[in-house]
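Trainee: Whatever this is, show me its structure:
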Amino acid sequence: MFRKIIFLSFIVALSLFATAQINEDSLKSKYDPHVLFSPLFYPTGSTITRAATGEPNINYWQNRADYQISASLNDETHEITGSVIITYKNNSPHNLPFLWLQLDQNLFNKESRGQARMPLDSRSRYGDSKSDFNGGYKITSVKLVGSKDVDANYIINDTRMQIRLPKPLTANGDIIKIKIDYSFTLPEEGSDRCGILHTKNGSIFAVAQWYPRMCVFDDIEGWNTLPYLGAGEFYLEYGDFDVTITAPASHIVVASGTLQNPKEVLTPIQMQRLELAKKSDATVMIRTEDEVTDTSSRPQGKTLTWHFKMFNARDVSWASSKSFIWDAARINLPSGKTSLAMSVYPAEAVGKTRWSRSTEYIKGSIENYSKRWYEFPYPYAVNVATNINGMEYPGIVFCNSKSTGSSLFEVTDHEFGHTWFPMIVGSNERKYGWMDEGFNTFMNSIAIQDFNKGEYYETPRNMQVMAQYEFNINTEPIMTTPDAMKELNIGIALYFKPGYGLELLRNQILGPDRFDYAFRTYIERWAYKHPTPWDFFRTIENVAGEDLGWFWKEWFLENYRLDQAIVSVKYDNDDEANGAIVTIANLDQMAMPVILYYETKSGKNGTIKLPVEVWNNTKIWKVKLPTTEKLAKVVIDPDKVFPDMNFSNNTWKE
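Mentor: Next comes the predicted model:
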């Protein structure tokens, strides 16, 4: 009897298989479900440092770098002269016979690899082949600090420095101090990351990548020494910063961290106004437009030295100018703590639709992200008006002085959104730019709805237009090193496409509750640590309770495209009273859930949502509609939320 049942089951299955083959073979479909739903997505399992759950494992480690920096600005020659003492701690289980440091300013040397990549026939964001600027570090001394300082044995290769130690830095906690004296000329156009803006009341110096920084030594690649070419951003260790900046006395200096000596560098009225701002939700003027040209608004003297401290950060940056108008307001954080939002900008940027609202935007952005995701960790948040289109550093960002209205809100919100990625969650931007830009773009899409009851929110364009742009066949996969992308594709692959993918994951696949909980957990797990893409993927899956290998593969690792289609609509037994059977197909290699809308002749309508699992093992699927009358139309994805490349085959009409 058992054999007979098995045999009959085999005959039925064979019959169904043959029918399915006939239907599938008649389709012109590129879809192979076995490629997408392979169980072998993750390259490795759990390690002693990274758990299969996506969290740091019991023996996770990372090294530490503390910096003591003294620098001075010559506002006539644009030269910055500095000295840095780096205290580096080797927490790894490996002895280190040499150290690697980043010398990012060397990008601006005419002989650098980055300059060699500048196109002859167009202007790159990262440089200009026609520029005669020849910058880079001038290193005058490198010493190992001890009871007696000794000259270090070092080499400089493009944007990296290797220090070969007289004896290895031993594992599990050994510490070394390095002192480097240096100078460089600040470029006016610094790859849109630093620069000089000339205004009627004086130049604004936005200073970044301005001191030798330790490369990261981690459990994934050992030393991370990719050269700085412009597109790939940064990967940095965490530590404390003690910074002094000497600038002309006529200047206001703002920087990452807390000002330690306000009495020495501010006037009594400015200190009084700052204290008022710390208690005010409304913006308070610290230095007005009229005061910019009033010499009494600055202490007298030739130069002043500003002292800042920043704790548990990956970097610091600063800006200096005699043209700064300065305002501030309190930021209210969920724990009851407060921070201070501050904006500095020239007279040309004043206006109700311009930088006069910048501090309001900072406050709204940071309060929102602190409530939604993770509390803002810094005592100050400074927005600097510059010639830079948008660049982020811990506690300070550079935005374009010409931005107005929604553009100024969006760039401010975006740059401060980077506080969470990569300032708090310290991913490797040099290799995985989407892990900060894409995550941030996703967060921005929610924040713009939240700010001031949606003041700047506009309903996004549907994917009938955007799919052709974001899934162009000439676009590289998201999981591509930024330096290996065509510059025109960076906006798609690092910003829009990963941001949009996370929106779909949140709103159409997991739902906001599960996604938000998993996303917050990822931030908490990896705050001030170094996650990889696989740590992110595993965390979302484990916390949300969903196998998403198919999604990560099609969206991040590959450049797959989506084409869902209606093949036919027929009434069951040719009688509309029995309901309708809709045959749908997946015609390209991406798979997504299905949203099926139907409307009857009398105007009744409904929606059926199918999970992505209907495409687990087939290119074609049949759906029974619960109708009892003739249909007027059936539509796949009526609101066009999925990136379908051909919406013309998504609709059936009577």
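
Trainee: Residue 51 and residue 493: what is the separation?
Mentor: Separation of residue 51 from residue 493 (CB to CB, to the nearest Å): 29 Å. All C-beta spots, glycine's among them, are computed from the backbone N, C-alpha and C.

Trainee: Looking at the two, which one has more neighbours?
Mentor: residue 493 (25 against 19; other CB atoms under 10 Å).

Trainee: So that one sits against residue 480, correct?
Mentor: Yes - shown here, residue 493 and residue 480 form a contact pair, counting by CB atoms under 8 Å, at 6.4 Å.

Trainee: any chance you could map the strands in the stretch 201-350 of the chain?
Mentor: 202-207, 213-214, 217-218, 222-223, 239-248, 252-255, 258-259, 284-287, 303-313, 318-321, 325-332, 338-345 (DSSP state E, counting those that start in this stretch).

Trainee: tell me the contacts of residue 334?
Mentor: By CB atoms under 8 Å, 6 or more residues apart in numbering, the residues touching residue 334 are 370-371, 375.

Trainee: mind putting the residues you listed in CSV, secondary structure included?
Mentor: Formatted as CSV, the contacts of residue 334 follow (DSSP: H, G, I helix; E, B strand; the rest coil):
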residue, secondary structure
370, helix
371, helix
375, coil
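
Trainee: neighbour-wise, which of those residues leads?
Mentor: Of the contacts of residue 334, with other CB under 10 Å as the count, residue 370 tops at 21 neighbours.

Trainee: Spatially nearest residue to that one, not counting backbone neighbours?
Mentor: Excluding the flanking residues, the one nearest residue 370 by CB to CB, 6 or more residues apart in numbering is residue 376, at 4.7 Å.

Trainee: ok, the one you found - how many residues close by?
Mentor: 24.

Trainee: For it, give its distance to residue 206.
Mentor: 22 Å.

Trainee: Over to residue 170?
Mentor: 40 Å.

Trainee: ok, the two, which is more surrounded?
Mentor: Neighbour totals were compared for residue 170 and residue 206, and residue 206 leads with 27 against 12 (other CB under 10 Å).

Trainee: Could you check the pLDDT of that one?
Mentor: What the model reports as pLDDT for residue 206 is 98.

Trainee: quick one, what contacts residue 256?
Mentor: 241, 243, 308, 310, 313, 315-318, 378, 393-396.

Trainee: The helix or strand harbouring residue 68 - contacts with which helices or strands?
Mentor: Residue 68 is part of strand 64-74 when elements are defined by DSSP states H and E. Under the contact definition 3 or more CB pairs under 8 Å, 6 or more residues apart in numbering; DSSP states H and E, strand 64-74 sits against strand 79-90, strand 239-248.

Trainee: now these in JSON lines, with mean pLDDT and distance to residue 281?
Mentor: Below are the helices and strands packed on strand 64-74 laid out as JSON lines (pLDDT from 0 to 100; distance: least, CB to CB, whole Å):
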{"stretch": "strand 79-90", "mean pLDDT": "98", "distance to residue 281": "37"}
{"stretch": "strand 239-248", "mean pLDDT": "98", "distance to residue 281": "29"}
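
Trainee: Name the stretch among those strands that sits most buried.
Mentor: strand 239-248 (a mean of 21; mean count of other CB atoms under 10 Å).

Trainee: For residue 575, see how far away residue 239 is.
Mentor: Counting by CB to CB, the gap from residue 239 to residue 575 is 75 Å.

Trainee: picking up where we left off before, dump the contacts of residue 334 into TSV; add distance to residue 649 and pLDDT as well.
Mentor: Shown next, in TSV, are those (distance: CB to CB, whole Å; pLDDT from 0 to 100):
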residue	distance to residue 649	pLDDT
370	45	98
371	43	98
375	48	98
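
Trainee: can I get those residues in CSV with distance to residue 120?
Mentor: Shown next, in CSV, are the contacts of residue 334 (distance: CB to CB, whole Å):
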residue, distance to residue 120
370, 46
371, 49
375, 48
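
Trainee: of all the residues you listed, which comes closest to residue 401?
Mentor: residue 370 (27.0 Å; CB to CB).

Trainee: okay but that closest one is in contact with residue 333, surely?
Mentor: Yes - between residue 370 and residue 333 a contact is recorded at 5.3 Å, counting by CB under 8 Å.

Trainee: what do those two both touch?
Mentor: Common neighbours of residue 370 and residue 333 (CB under 8 Å, 6+ apart) are residue 376.

Trainee: Which residue is the nearest non-sequential neighbour of residue 602?
Mentor: residue 629 (6.2 Å).

Trainee: Check what pLDDT the one you found gets.
Mentor: 95.

Trainee: Now it: phi and psi?
Mentor: Main-chain torsions, residue 629, degrees, to the nearest 10: phi -140, psi 180.

Trainee: ok so, going back, can you lay out the strands of the stretch 201-350 of the chain as a markdown table showing distance to residue 414?
Mentor: Formatted as a markdown table, the strands of the stretch 201-350 of the chain follow (distance: least, CB to CB, whole Å):
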| stretch | distance to residue 414 |
| --- | --- |
| strand 202-207 | 17 |
| strand 213-214 | 24 |
| strand 217-218 | 27 |
| strand 222-223 | 31 |
| strand 239-248 | 24 |
| strand 252-255 | 19 |
| strand 258-259 | 25 |
| strand 284-287 | 25 |
| strand 303-313 | 20 |
| strand 318-321 | 18 |
| strand 325-332 | 17 |
| strand 338-345 | 16 |
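
Trainee: out of these, deepest packed?
Mentor: strand 318-321 (a mean of 26).

Trainee: so what strands line up beside that strand?
Mentor: Here strand 318-321 is paired, per DSSP bridges, with strand 202-207 (antiparallel), strand 252-255 (antiparallel).

Trainee: can I get the ones you listed in JSON lines with distance to residue 568?
Mentor: Shown next, in JSON lines, are the strands paired with strand 318-321 (distance: least, CB to CB, whole Å):
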{"stretch": "strand 202-207", "distance to residue 568": "61"}
{"stretch": "strand 252-255", "distance to residue 568": "65"}
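
Trainee: Relative to residue 437, which of those strands is closest?
Mentor: Nearest to residue 437, of those and by CB to CB, is strand 202-207 at 19.9 Å.

Trainee: any idea of the angle the closest one forms with strand 79-90?
Mentor: Between the axes of strand 202-207 and strand 79-90, defined by axes from the mean of the first three to the mean of the last three CA atoms, to 10 degrees, the angle is 20 degrees.

Trainee: Show me the contact partners of strand 202-207.
Mentor: Against strand 202-207 from outside (CB under 8 Å, 6+ apart): 73, 75, 78, 80, 186, 190, 194-197, 250, 317-324, 346, 384-388, 398, 401.

Trainee: switch the cut-off to 6 Å
Mentor: 194-197, 318-323, 386, 388, 398 (CB atoms under 6 Å, 6 or more residues apart in numbering).
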